[in-house]
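**Q** what's the 3D shape of this:
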Amino acid sequence: MENVLYSSEGKAGDSVPLDRHSDLRVKVIIGSTREKRYGDKPAHWISEVVRKEPGVKCEILDLRDFPMPFFDEPLSPLRLNGKYSNEVVKRWAPK
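**A** Predicted coordinates:
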């Protein structure tokens, strides 16, 4: 049996084999949006460490850059199939 890495990119619940020749992509999410937060400091440290690894790309996603509304869609996000009404949510979804 061959070892295969899987990615959950795409629609919710999908798994696709990763190409062993492509870079591994790591996304570090800063979840706090408070004024005097601390989460950005370890996020940047983690990003620096991860980027030193060959074949790894790292992106920091700061929720301050995505001021998303919560629970304002008429249906569960899973049932919307990517058809979001809010522009910020549309920008976040592909991340």
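
**Q** quick one: I60 is in a helix?
**A** No - in this structure, I60 is strand, not part of a helix, as judged by DSSP: H, G, I helix; E, B strand; the rest coil.

**Q** how far away is it from A43?
**A** 6 Å (CB to CB, to the nearest Å). C-beta coordinates here come from the backbone N, C-alpha and C atoms, glycine included.

**Q** How about K57?
**A** From K57 to A43 the distance is 15 Å (CB to CB).

**Q** For V28, give me its contacts.
**A** Going by CB atoms under 8 Å, 6 or more residues apart in numbering, V28 touches A43, I46, S47, V50, C58, E59, I60, L61.

**Q** L61 against K27, yeah?
**A** Yes - counting by CB atoms under 8 Å, L61 touches K27, with 5.5 Å between them.

**Q** Please enumerate the shared neighbours of the two.
**A** The contact lists of L61 and K27 share K95, where a contact means CB under 8 Å, 6+ apart.

**Q** Between the two, which has more neighbouring residues?
**A** Per other CB atoms under 10 Å, whichever of L61 and K27 has more neighbours is L61, with 14 against 11.
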